[in-house]
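Asks: 3D, please:
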Amino acid sequence: MPTSRPTQHPRGLRRTVLTAVIAGLLASLLAAPTAAAAPPASAGPPVPRLRWAPCGDGLECTTARVPLDYDRPSGATITLALIRLPASAPARRIGSIFLNPGGPGKSGVDVVRQGGRSLFSAEVRARFDLVGLDPRGIGASTPLRCFDTLDQALGVLPPFPFPVTAAEERVWVEADRTFARACARRGGPILDHMATADVARDLDLLRQAVGDTQLTYVGLSYGAYLGATYANLFPAKVRALALDGVPNPVAWATGRGDEAATWPLFNRVGSAEGASATLGEFFRLCDQGGSACAFSQGDPRRRYQALARRLLANPAQTPDGPVGYADLVYATLLALQDPTAWPELAERLQQLDSLTRHPTAAATPVGTAQPNYPNVLEGPPGVACSDSDNPDRVEAWQRAADAADRAAPYFGRYWTWFSSICQPWPGRDPDRYTGPWTRPTANPVLIVGNRFDPATPYRGAVTLARLLPRSRLLTLDGWGHTSEGKSSCIDAHTARYLLTTRPPRPGTICRPDLVPFA
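Replies: Here you go, the predicted structure:
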(Lines give C-alpha, C1' and ligand atoms only; values in the text may rest on other atoms or scores of the structure.)
Protein backbone atom coordinates (compact mmCIF):
# COMPACT_ATOMS: atom_id res chain seq x y z
CA MET A 1 0.00 0.00 0.00
CA PRO A 2 1.19 3.60 -0.47
CA THR A 3 3.45 4.87 2.25
CA SER A 4 1.84 8.27 2.83
CA ARG A 5 1.59 9.77 6.27
CA PRO A 6 -1.33 11.88 7.46
CA THR A 7 -0.43 15.56 7.76
CA GLN A 8 -0.98 17.68 10.83
CA HIS A 9 -4.14 19.73 11.03
CA PRO A 10 -3.22 23.44 10.83
CA ARG A 11 -5.06 24.28 14.06
CA GLY A 12 -2.29 22.56 16.01
CA LEU A 13 0.69 24.16 14.27
CA ARG A 14 1.65 26.24 17.25
CA ARG A 15 1.94 23.63 19.97
CA THR A 16 1.87 19.88 20.39
CA VAL A 17 2.88 17.42 23.05
CA LEU A 18 4.72 14.89 20.94
CA THR A 19 7.96 15.07 19.04
CA ALA A 20 7.99 15.93 15.35
CA VAL A 21 8.11 12.24 14.50
CA ILE A 22 4.65 11.75 15.96
CA ALA A 23 3.41 15.20 15.03
CA GLY A 24 3.58 14.36 11.33
CA LEU A 25 1.27 11.39 11.60
CA LEU A 26 -2.20 12.92 11.48
CA ALA A 27 -4.13 13.18 8.38
CA SER A 28 -6.75 13.55 9.03
CA LEU A 29 -9.71 14.53 7.28
CA LEU A 30 -11.37 16.93 6.21
CA ALA A 31 -23.96 23.59 1.13
CA ALA A 32 -27.12 23.18 0.79
CA PRO A 33 -28.69 19.92 -0.45
CA THR A 34 -28.57 19.41 -4.19
CA ALA A 35 -29.79 16.73 -6.51
CA ALA A 36 -27.38 13.92 -7.28
CA ALA A 37 -24.95 15.00 -9.98
CA ALA A 38 -24.27 12.89 -13.05
CA PRO A 39 -21.53 12.91 -15.69
CA PRO A 40 -22.21 15.89 -17.94
CA ALA A 41 -24.24 15.05 -21.01
CA SER A 42 -22.49 16.50 -24.07
CA ALA A 43 -19.71 15.70 -26.47
CA GLY A 44 -17.48 16.11 -23.45
CA PRO A 45 -14.22 17.97 -22.91
CA PRO A 46 -11.15 17.10 -24.97
CA VAL A 47 -8.82 14.48 -23.55
CA PRO A 48 -5.59 16.17 -22.40
CA ARG A 49 -2.38 15.45 -24.25
CA LEU A 50 0.28 14.50 -21.75
CA ARG A 51 3.89 15.38 -22.54
CA TRP A 52 5.91 13.51 -19.94
CA ALA A 53 9.42 14.76 -19.23
CA PRO A 54 12.13 13.47 -16.87
CA CYS A 55 12.01 15.16 -13.46
CA GLY A 56 14.72 13.33 -11.54
CA ASP A 57 15.34 9.90 -10.05
CA GLY A 58 13.76 8.07 -12.95
CA LEU A 59 10.44 9.88 -12.53
CA GLU A 60 8.48 11.72 -15.20
CA CYS A 61 6.30 14.80 -14.76
CA THR A 62 3.71 16.63 -16.79
CA THR A 63 0.67 18.86 -16.53
CA ALA A 64 -2.83 18.48 -17.94
CA ARG A 65 -5.43 21.06 -18.85
CA VAL A 66 -8.98 20.18 -17.81
CA PRO A 67 -12.21 22.19 -17.61
CA LEU A 68 -12.72 24.41 -14.60
CA ASP A 69 -16.46 23.71 -14.88
CA TYR A 70 -17.62 20.48 -16.49
CA ASP A 71 -20.95 22.14 -17.27
CA ARG A 72 -18.92 24.31 -19.66
CA PRO A 73 -16.40 21.82 -21.07
CA SER A 74 -15.16 24.25 -23.71
CA GLY A 75 -14.78 27.14 -21.27
CA ALA A 76 -12.05 28.11 -18.84
CA THR A 77 -9.46 25.48 -17.93
CA ILE A 78 -7.21 24.71 -14.98
CA THR A 79 -3.89 22.89 -14.70
CA LEU A 80 -3.34 19.55 -12.97
CA ALA A 81 0.15 18.42 -11.92
CA LEU A 82 1.07 14.75 -12.41
CA ILE A 83 4.07 12.54 -11.79
CA ARG A 84 4.69 8.92 -12.70
CA LEU A 85 7.10 6.14 -11.95
CA PRO A 86 7.15 4.05 -15.13
CA ALA A 87 6.59 0.31 -14.92
CA SER A 88 9.89 -1.51 -14.43
CA ALA A 89 8.89 -4.23 -16.92
CA PRO A 90 7.28 -2.24 -19.74
CA ALA A 91 6.93 -5.30 -21.98
CA ARG A 92 4.50 -6.76 -19.41
CA ARG A 93 2.81 -3.45 -18.53
CA ILE A 94 -0.91 -3.63 -17.70
CA GLY A 95 -1.58 0.09 -17.37
CA SER A 96 -1.45 2.88 -14.79
CA ILE A 97 -2.38 2.99 -11.11
CA PHE A 98 -3.62 6.40 -10.01
CA LEU A 99 -3.01 7.24 -6.34
CA ASN A 100 -4.72 9.54 -3.85
CA PRO A 101 -3.26 9.60 -0.30
CA GLY A 102 -6.25 11.33 1.29
CA GLY A 103 -6.68 14.51 3.26
CA PRO A 104 -8.51 15.97 1.48
CA GLY A 105 -5.68 18.19 0.41
CA LYS A 106 -2.72 15.82 0.29
CA SER A 107 -0.40 15.68 -2.70
CA GLY A 108 -0.28 12.56 -4.84
CA VAL A 109 2.75 14.03 -6.59
CA ASP A 110 4.66 14.14 -3.31
CA VAL A 111 3.72 10.54 -2.46
CA VAL A 112 5.18 9.18 -5.68
CA ARG A 113 8.21 11.47 -5.61
CA GLN A 114 9.12 10.68 -2.01
CA GLY A 115 8.37 6.97 -1.89
CA GLY A 116 7.43 5.64 -5.31
CA ARG A 117 9.83 2.71 -5.24
CA SER A 118 8.50 1.49 -1.91
CA LEU A 119 4.87 1.50 -3.02
CA PHE A 120 3.26 -1.91 -3.54
CA SER A 121 5.03 -5.14 -4.39
CA ALA A 122 7.81 -5.46 -6.97
CA GLU A 123 5.41 -7.28 -9.31
CA VAL A 124 2.86 -4.46 -9.14
CA ARG A 125 5.57 -1.87 -9.80
CA ALA A 126 6.83 -3.96 -12.69
CA ARG A 127 3.48 -4.03 -14.45
CA PHE A 128 1.99 -0.62 -13.71
CA ASP A 129 3.03 2.98 -14.07
CA LEU A 130 2.38 4.62 -10.70
CA VAL A 131 0.73 8.00 -11.27
CA GLY A 132 0.40 10.66 -8.58
CA LEU A 133 -1.96 13.59 -9.05
CA ASP A 134 -2.35 16.83 -7.14
CA PRO A 135 -6.13 17.26 -7.27
CA ARG A 136 -7.63 20.52 -8.46
CA GLY A 137 -7.11 23.28 -5.94
CA ILE A 138 -4.23 21.40 -4.32
CA GLY A 139 -0.43 21.62 -4.36
CA ALA A 140 1.15 22.14 -7.77
CA SER A 141 -2.19 22.02 -9.57
CA THR A 142 -4.19 25.23 -9.95
CA PRO A 143 -4.39 26.01 -6.23
CA LEU A 144 -6.88 27.66 -3.93
CA ARG A 145 -4.96 30.44 -2.16
CA CYS A 146 -6.56 32.85 0.28
CA PHE A 147 -3.44 34.66 1.52
CA ASP A 148 -0.14 35.97 0.22
CA THR A 149 2.05 34.03 2.62
CA LEU A 150 1.97 31.19 5.08
CA ASP A 151 2.63 33.61 7.91
CA GLN A 152 -0.51 35.55 6.98
CA ALA A 153 -2.55 32.36 7.01
CA LEU A 154 -1.12 31.18 10.31
CA GLY A 155 -1.86 34.54 11.82
CA VAL A 156 -5.58 33.80 11.45
CA LEU A 157 -5.48 30.54 13.39
CA PRO A 158 -6.24 30.26 17.11
CA PRO A 159 -3.36 29.36 19.44
CA PHE A 160 -4.94 26.01 20.41
CA PRO A 161 -5.82 22.80 18.54
CA PHE A 162 -9.55 23.01 19.32
CA PRO A 163 -11.74 25.01 21.69
CA VAL A 164 -12.57 23.73 25.16
CA THR A 165 -14.15 26.73 26.89
CA ALA A 166 -16.90 29.09 25.74
CA ALA A 167 -14.32 31.87 25.40
CA GLU A 168 -12.14 29.68 23.18
CA GLU A 169 -15.18 28.81 21.07
CA ARG A 170 -15.73 32.50 20.39
CA VAL A 171 -12.09 32.90 19.32
CA TRP A 172 -12.40 29.84 17.09
CA VAL A 173 -15.61 31.03 15.42
CA GLU A 174 -14.14 34.45 14.69
CA ALA A 175 -11.02 32.81 13.20
CA ASP A 176 -13.26 30.72 10.93
CA ARG A 177 -15.05 33.85 9.76
CA THR A 178 -11.81 35.72 9.11
CA PHE A 179 -10.43 32.75 7.16
CA ALA A 180 -13.63 32.44 5.12
CA ARG A 181 -13.67 36.17 4.32
CA ALA A 182 -10.10 35.92 3.03
CA CYS A 183 -11.06 33.03 0.76
CA ALA A 184 -14.13 34.90 -0.51
CA ARG A 185 -11.91 37.85 -1.45
CA ARG A 186 -8.96 35.98 -2.94
CA GLY A 187 -9.99 32.41 -3.70
CA GLY A 188 -10.98 33.00 -7.31
CA PRO A 189 -12.99 30.68 -9.58
CA ILE A 190 -11.46 27.44 -8.28
CA LEU A 191 -13.27 28.04 -4.96
CA ASP A 192 -16.56 26.84 -6.49
CA HIS A 193 -15.12 23.87 -8.38
CA MET A 194 -13.27 21.69 -5.85
CA ALA A 195 -15.88 19.03 -5.01
CA THR A 196 -14.84 15.40 -5.18
CA ALA A 197 -17.12 14.78 -8.18
CA ASP A 198 -15.04 17.21 -10.24
CA VAL A 199 -11.85 15.41 -9.18
CA ALA A 200 -13.48 12.13 -10.28
CA ARG A 201 -14.25 13.69 -13.67
CA ASP A 202 -10.63 14.81 -13.89
CA LEU A 203 -9.56 11.24 -13.14
CA ASP A 204 -11.67 9.92 -15.98
CA LEU A 205 -10.08 12.33 -18.45
CA LEU A 206 -6.62 11.39 -17.19
CA ARG A 207 -7.47 7.70 -17.47
CA GLN A 208 -8.13 8.28 -21.14
CA ALA A 209 -5.03 10.43 -21.48
CA VAL A 210 -2.75 7.60 -20.33
CA GLY A 211 -4.49 5.18 -22.70
CA ASP A 212 -6.32 2.97 -20.19
CA THR A 213 -9.77 1.71 -21.15
CA GLN A 214 -10.70 1.37 -17.46
CA LEU A 215 -9.37 2.93 -14.26
CA THR A 216 -7.02 1.26 -11.80
CA TYR A 217 -6.85 3.29 -8.60
CA VAL A 218 -5.78 3.19 -4.96
CA GLY A 219 -7.26 5.69 -2.49
CA LEU A 220 -6.61 6.09 1.23
CA SER A 221 -8.98 7.78 3.68
CA TYR A 222 -10.58 10.69 1.80
CA GLY A 223 -9.03 9.10 -1.30
CA ALA A 224 -11.38 6.17 -0.72
CA TYR A 225 -14.32 8.58 -0.86
CA LEU A 226 -12.97 9.85 -4.18
CA GLY A 227 -12.83 6.25 -5.42
CA ALA A 228 -16.40 5.58 -4.31
CA THR A 229 -17.52 8.71 -6.15
CA TYR A 230 -15.75 7.61 -9.32
CA ALA A 231 -17.29 4.14 -9.08
CA ASN A 232 -20.78 5.62 -9.03
CA LEU A 233 -20.19 8.27 -11.69
CA PHE A 234 -18.33 5.97 -14.08
CA PRO A 235 -19.23 2.37 -13.12
CA ALA A 236 -18.46 0.97 -16.58
CA LYS A 237 -14.92 2.35 -16.41
CA VAL A 238 -13.89 0.52 -13.23
CA ARG A 239 -11.04 -1.98 -13.65
CA ALA A 240 -9.77 -2.17 -10.06
CA LEU A 241 -10.38 0.30 -7.23
CA ALA A 242 -8.73 -0.42 -3.86
CA LEU A 243 -10.36 1.85 -1.27
CA ASP A 244 -8.73 1.81 2.17
CA GLY A 245 -10.02 3.63 5.28
CA VAL A 246 -13.42 4.55 3.87
CA PRO A 247 -15.52 7.37 5.34
CA ASN A 248 -19.20 6.46 5.17
CA PRO A 249 -20.18 8.16 1.87
CA VAL A 250 -23.76 8.93 2.88
CA ALA A 251 -22.54 10.49 6.12
CA TRP A 252 -19.86 12.49 4.30
CA ALA A 253 -22.16 14.01 1.71
CA THR A 254 -25.60 14.51 3.24
CA GLY A 255 -26.27 12.34 6.25
CA ARG A 256 -29.59 10.57 6.55
CA GLY A 257 -32.84 12.46 6.60
CA ASP A 258 -32.38 15.96 8.00
CA GLU A 259 -29.54 15.14 10.42
CA ALA A 260 -27.15 17.48 8.56
CA ALA A 261 -29.17 20.40 9.90
CA THR A 262 -27.83 19.74 13.40
CA TRP A 263 -24.98 17.22 13.06
CA PRO A 264 -21.76 18.34 11.30
CA LEU A 265 -19.72 16.34 8.83
CA PHE A 266 -17.30 14.42 11.05
CA ASN A 267 -19.91 13.78 13.71
CA ARG A 268 -21.88 11.92 11.05
CA VAL A 269 -18.78 10.03 9.90
CA GLY A 270 -18.21 8.89 13.51
CA SER A 271 -14.57 9.94 13.75
CA ALA A 272 -14.73 10.69 17.48
CA GLU A 273 -16.19 7.29 18.27
CA GLY A 274 -13.45 5.64 16.20
CA ALA A 275 -10.77 7.60 18.04
CA SER A 276 -12.27 6.81 21.44
CA ALA A 277 -12.39 3.09 20.66
CA THR A 278 -8.80 3.15 19.42
CA LEU A 279 -7.64 4.92 22.58
CA GLY A 280 -9.34 2.14 24.55
CA GLU A 281 -7.18 -0.35 22.66
CA PHE A 282 -4.08 1.69 23.47
CA PHE A 283 -4.95 1.45 27.17
CA ARG A 284 -5.68 -2.29 26.94
CA LEU A 285 -2.51 -3.17 25.06
CA CYS A 286 -0.38 -0.87 27.25
CA ASP A 287 -1.72 -2.58 30.37
CA GLN A 288 -1.03 -6.02 28.89
CA GLY A 289 2.44 -4.95 27.77
CA GLY A 290 3.65 -4.23 31.30
CA SER A 291 7.20 -2.92 31.26
CA ALA A 292 7.12 -2.68 27.45
CA CYS A 293 4.74 0.29 27.86
CA ALA A 294 6.14 3.28 29.73
CA PHE A 295 2.64 4.33 30.84
CA SER A 296 1.55 0.93 32.16
CA GLN A 297 2.15 1.36 35.91
CA GLY A 298 -1.27 1.50 37.51
CA ASP A 299 -4.35 1.63 35.29
CA PRO A 300 -3.43 3.50 32.04
CA ARG A 301 -7.02 4.56 31.47
CA ARG A 302 -7.36 6.07 34.95
CA ARG A 303 -3.93 7.67 34.76
CA TYR A 304 -4.86 9.33 31.45
CA GLN A 305 -8.13 10.59 32.92
CA ALA A 306 -6.30 12.09 35.88
CA LEU A 307 -3.64 13.65 33.63
CA ALA A 308 -6.35 15.19 31.44
CA ARG A 309 -8.09 16.67 34.50
CA ARG A 310 -4.84 18.20 35.77
CA LEU A 311 -4.03 19.71 32.39
CA LEU A 312 -7.56 21.06 32.07
CA ALA A 313 -7.11 22.88 35.36
CA ASN A 314 -3.47 23.94 34.92
CA PRO A 315 -1.40 23.60 31.74
CA ALA A 316 2.03 22.03 32.21
CA GLN A 317 5.06 24.23 31.66
CA THR A 318 7.52 22.68 29.18
CA PRO A 319 10.66 24.08 27.54
CA ASP A 320 8.51 24.97 24.51
CA GLY A 321 5.73 26.62 26.44
CA PRO A 322 2.53 25.55 28.19
CA VAL A 323 0.84 22.27 27.28
CA GLY A 324 -2.84 22.06 28.13
CA TYR A 325 -5.73 19.63 27.87
CA ALA A 326 -6.41 20.29 24.18
CA ASP A 327 -2.73 19.73 23.35
CA LEU A 328 -2.82 16.38 25.14
CA VAL A 329 -5.91 15.24 23.23
CA TYR A 330 -4.62 16.44 19.90
CA ALA A 331 -1.21 14.82 20.31
CA THR A 332 -2.85 11.57 21.42
CA LEU A 333 -4.98 11.56 18.30
CA LEU A 334 -1.90 12.12 16.15
CA ALA A 335 -0.18 9.10 17.63
CA LEU A 336 -3.22 6.84 17.41
CA GLN A 337 -2.98 7.04 13.61
CA ASP A 338 -0.02 4.62 13.56
CA PRO A 339 0.61 1.86 16.13
CA THR A 340 4.37 2.15 15.63
CA ALA A 341 4.07 5.53 17.40
CA TRP A 342 2.31 4.10 20.45
CA PRO A 343 5.48 3.36 22.48
CA GLU A 344 6.58 6.96 21.88
CA LEU A 345 3.13 8.17 22.96
CA ALA A 346 3.40 6.12 26.14
CA GLU A 347 6.78 7.70 26.93
CA ARG A 348 5.45 11.21 26.40
CA LEU A 349 2.41 10.52 28.54
CA GLN A 350 4.67 9.22 31.29
CA GLN A 351 6.80 12.38 31.09
CA LEU A 352 3.76 14.65 31.16
CA ASP A 353 2.30 12.72 34.05
CA SER A 354 5.51 13.14 35.99
CA LEU A 355 5.75 16.81 35.05
CA THR A 356 2.24 17.61 36.24
CA ARG A 357 2.81 15.75 39.52
CA HIS A 358 6.32 17.15 40.02
CA PRO A 359 6.60 20.45 38.15
CA THR A 360 10.39 20.57 38.44
CA ALA A 361 10.80 17.31 36.50
CA ALA A 362 12.59 17.54 33.17
CA ALA A 363 10.45 17.43 30.04
CA THR A 364 11.50 16.40 26.58
CA PRO A 365 11.36 19.39 24.23
CA VAL A 366 8.38 19.29 21.93
CA GLY A 367 7.88 20.84 18.52
CA THR A 368 6.19 20.57 15.17
CA ALA A 369 7.13 21.15 11.57
CA GLN A 370 5.15 23.65 9.53
CA PRO A 371 3.50 22.37 6.36
CA ASN A 372 4.08 23.96 2.98
CA TYR A 373 1.78 26.87 2.31
CA PRO A 374 -0.23 26.22 -0.85
CA ASN A 375 -2.78 23.70 0.35
CA VAL A 376 -2.63 22.56 3.93
CA LEU A 377 -4.85 25.42 5.06
CA GLU A 378 -7.23 26.10 2.20
CA GLY A 379 -7.27 22.69 0.53
CA PRO A 380 -9.13 20.58 3.11
CA PRO A 381 -12.13 22.89 3.55
CA GLY A 382 -12.09 23.68 -0.17
CA VAL A 383 -12.96 20.04 -0.81
CA ALA A 384 -14.82 18.90 2.32
CA CYS A 385 -17.09 21.94 2.60
CA SER A 386 -17.90 21.73 -1.11
CA ASP A 387 -18.89 18.08 -0.71
CA SER A 388 -20.94 18.08 2.45
CA ASP A 389 -24.14 19.42 3.98
CA ASN A 390 -23.63 21.08 7.37
CA PRO A 391 -25.67 23.13 9.84
CA ASP A 392 -26.42 26.75 8.93
CA ARG A 393 -25.79 28.17 12.41
CA VAL A 394 -22.62 27.95 14.47
CA GLU A 395 -24.70 27.19 17.57
CA ALA A 396 -25.25 23.72 16.12
CA TRP A 397 -21.50 23.06 16.39
CA GLN A 398 -21.51 24.17 20.01
CA ARG A 399 -24.34 21.81 20.89
CA ALA A 400 -22.89 18.98 18.81
CA ALA A 401 -19.47 19.38 20.46
CA ASP A 402 -20.94 19.03 23.94
CA ALA A 403 -22.99 15.97 22.94
CA ALA A 404 -20.11 14.35 21.06
CA ASP A 405 -17.69 14.77 23.94
CA ARG A 406 -20.11 13.02 26.26
CA ALA A 407 -20.45 10.11 23.81
CA ALA A 408 -16.76 9.97 22.86
CA PRO A 409 -14.66 11.53 25.65
CA TYR A 410 -11.64 13.64 24.68
CA PHE A 411 -12.22 13.47 20.92
CA GLY A 412 -15.82 14.62 20.51
CA ARG A 413 -15.01 18.32 20.67
CA TYR A 414 -11.98 18.01 18.42
CA TRP A 415 -13.75 16.21 15.59
CA THR A 416 -16.82 18.45 15.85
CA TRP A 417 -14.90 21.71 15.53
CA PHE A 418 -12.69 20.22 12.82
CA SER A 419 -15.42 20.99 10.28
CA SER A 420 -16.73 24.29 11.68
CA ILE A 421 -15.07 26.26 8.88
CA CYS A 422 -17.82 24.84 6.65
CA GLN A 423 -20.40 27.08 8.38
CA PRO A 424 -19.05 30.36 6.91
CA TRP A 425 -17.25 28.78 3.94
CA PRO A 426 -17.92 30.86 0.79
CA GLY A 427 -17.47 28.14 -1.83
CA ARG A 428 -20.34 26.15 -3.37
CA ASP A 429 -19.94 23.52 -6.07
CA PRO A 430 -23.28 22.72 -7.74
CA ASP A 431 -21.73 19.68 -9.44
CA ARG A 432 -20.92 17.79 -6.26
CA TYR A 433 -22.12 14.18 -6.00
CA THR A 434 -24.56 13.16 -3.27
CA GLY A 435 -25.45 9.62 -4.33
CA PRO A 436 -26.79 7.10 -4.94
CA TRP A 437 -23.87 4.87 -3.94
CA THR A 438 -25.32 1.68 -5.37
CA ARG A 439 -24.32 1.49 -9.03
CA PRO A 440 -22.99 -1.92 -10.22
CA THR A 441 -19.43 -1.59 -11.48
CA ALA A 442 -17.81 -3.39 -14.41
CA ASN A 443 -15.41 -5.15 -12.05
CA PRO A 444 -15.41 -5.71 -8.28
CA VAL A 445 -14.27 -2.91 -5.98
CA LEU A 446 -12.00 -3.83 -3.05
CA ILE A 447 -12.90 -2.09 0.23
CA VAL A 448 -10.42 -2.30 3.12
CA GLY A 449 -11.39 -1.44 6.69
CA ASN A 450 -9.36 -1.36 9.91
CA ARG A 451 -11.36 -2.34 13.00
CA PHE A 452 -9.81 0.36 15.22
CA ASP A 453 -9.39 3.39 12.98
CA PRO A 454 -9.33 6.74 14.85
CA ALA A 455 -10.39 8.84 11.84
CA THR A 456 -12.51 6.76 9.45
CA PRO A 457 -14.12 4.08 11.62
CA TYR A 458 -14.60 0.53 10.37
CA ARG A 459 -18.34 0.98 9.99
CA GLY A 460 -17.68 3.27 7.02
CA ALA A 461 -16.09 0.40 5.10
CA VAL A 462 -18.92 -1.92 6.13
CA THR A 463 -21.51 0.60 4.95
CA LEU A 464 -19.94 1.14 1.53
CA ALA A 465 -19.52 -2.62 1.05
CA ARG A 466 -23.23 -3.08 1.69
CA LEU A 467 -24.20 -0.25 -0.63
CA LEU A 468 -21.92 -0.91 -3.59
CA PRO A 469 -22.83 -3.98 -5.64
CA ARG A 470 -19.94 -6.28 -6.60
CA SER A 471 -17.72 -4.83 -3.87
CA ARG A 472 -15.74 -6.98 -1.45
CA LEU A 473 -14.79 -6.11 2.14
CA LEU A 474 -11.30 -7.00 3.37
CA THR A 475 -10.83 -6.49 7.12
CA LEU A 476 -7.71 -5.67 9.12
CA ASP A 477 -8.18 -6.74 12.73
CA GLY A 478 -5.80 -4.07 13.91
CA TRP A 479 -5.27 -0.42 14.85
CA GLY A 480 -4.52 2.92 13.23
CA HIS A 481 -5.73 4.99 10.30
CA THR A 482 -6.11 2.81 7.19
CA SER A 483 -4.23 -0.46 6.72
CA GLU A 484 -1.32 1.25 4.95
CA GLY A 485 2.00 -0.17 6.09
CA LYS A 486 0.39 -2.28 8.80
CA SER A 487 -0.22 -5.76 7.37
CA SER A 488 1.65 -7.86 4.81
CA CYS A 489 -1.52 -9.94 4.54
CA ILE A 490 -3.51 -6.87 3.38
CA ASP A 491 -0.67 -5.91 1.04
CA ALA A 492 -0.66 -9.35 -0.57
CA HIS A 493 -4.41 -9.41 -1.15
CA THR A 494 -4.32 -5.87 -2.55
CA ALA A 495 -1.46 -6.68 -4.92
CA ARG A 496 -3.24 -9.75 -6.24
CA TYR A 497 -6.41 -7.74 -6.76
CA LEU A 498 -4.63 -4.96 -8.63
CA LEU A 499 -2.90 -7.46 -10.91
CA THR A 500 -5.91 -9.68 -11.62
CA THR A 501 -9.06 -7.71 -10.55
CA ARG A 502 -9.97 -10.72 -8.38
CA PRO A 503 -10.76 -9.73 -4.77
CA PRO A 504 -10.12 -12.00 -1.75
CA ARG A 505 -12.77 -14.45 -0.61
CA PRO A 506 -15.76 -13.05 1.29
CA GLY A 507 -15.10 -12.63 4.99
CA THR A 508 -11.31 -12.47 4.69
CA ILE A 509 -9.69 -11.03 7.83
CA CYS A 510 -6.01 -10.13 8.14
CA ARG A 511 -3.89 -9.64 11.23
CA PRO A 512 -1.45 -6.74 11.65
CA ASP A 513 2.27 -7.33 11.43
CA LEU A 514 2.83 -5.44 14.69
CA VAL A 515 0.99 -5.72 18.00
CA PRO A 516 1.94 -2.68 20.11
CA PHE A 517 3.77 -3.43 23.37
CA ALA A 518 3.81 -7.17 22.68
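
Asks: number of residues surrounding residue 441?
Replies: 21 (other CB atoms under 10 Å). No exception for glycine: its C-beta is placed from N, CA and C like everyone else's.

Asks: hang on, I meant residue 345
Replies: 26.

Asks: how about residue 54?
Replies: By other CB under 10 Å, the residues close to residue 54 number 9.

Asks: middle-most residue in the protein, spatially?
Replies: residue 103 (3.2 Å; CA atoms, centre = their mean).

Asks: I'd say residue 438 and residue 470 touch.
Replies: No. With contact defined as CB atoms under 8 Å, residue 438 does not reach residue 470; the gap is 10.7 Å.

Asks: so the two - more neighbours on which side?
Replies: Using other CB under 10 Å, the more surrounded residue of residue 438 and residue 470 is residue 470, with 15 against 11.

Asks: my guess is the more buried one meets residue 440, correct?
Replies: Yes. Assessed by CB under 8 Å, residue 470 is found in contact with residue 440 at 5.7 Å.

Asks: contact partners for residue 269?
Replies: The contact partners of residue 269, taken as CB atoms under 8 Å, 6 or more residues apart in numbering, are 29, 247, 248, 251, 252, 456, 457, 460.

Asks: quick one: buried ones out of those?
Replies: Among the contacts of residue 269, those classed as buried by 16 or more other CB atoms under 10 Å are 29, 247, 248, 251, 252, 456, 457, 460.

Asks: in space, what's closest to the third one - neighbours in sequence excluded?
Replies: In space, not counting the residues next to it along the chain, residue 248 is nearest to residue 460; the distance is 4.1 Å by CB to CB, 6 or more residues apart in numbering.

Asks: which element is the one you found on?
Replies: Here residue 460, judged by DSSP states H and E, is contained in helix 458-467.

Asks: mind giving me the packing neighbours of the helix or strand following that helix?
Replies: Counting by DSSP H and E, the element after helix 458-467 in chain order, helix or strand, is strand 471-479. When contacts are defined as 3 or more CB pairs under 8 Å, 6 or more residues apart in numbering; DSSP states H and E, strand 471-479 packs onto helix 271-289, strand 445-452, helix 458-467, helix 488-500, strand 509-510.

Asks: winner for burial among those?
Replies: The highest average neighbour count among the helices and strands packed on strand 471-479, using mean count of other CB atoms under 10 Å, belongs to strand 445-452 at a mean of 26.

Asks: nearest to residue 260, of the contacts of residue 269?
Replies: Closest approach between these and residue 260, by CB to CB: residue 251, at 9.2 Å.

Asks: rewinding a little: show me the contacts of residue 269 that map onto helices.
Replies: Applying DSSP state H to those, the entries found in helices are 251, 252, 460.

Asks: so who does the second one touch?
Replies: I take that to be residue 252. Residues counted as contacts of residue 252 (CB under 8 Å, 6+ apart) are 225, 265, 268, 269, 387, 388.

Asks: that one and residue 387: what is the separation?
Replies: Applying CB to CB, to the nearest Å, the value for residue 252 to residue 387 is 6 Å.
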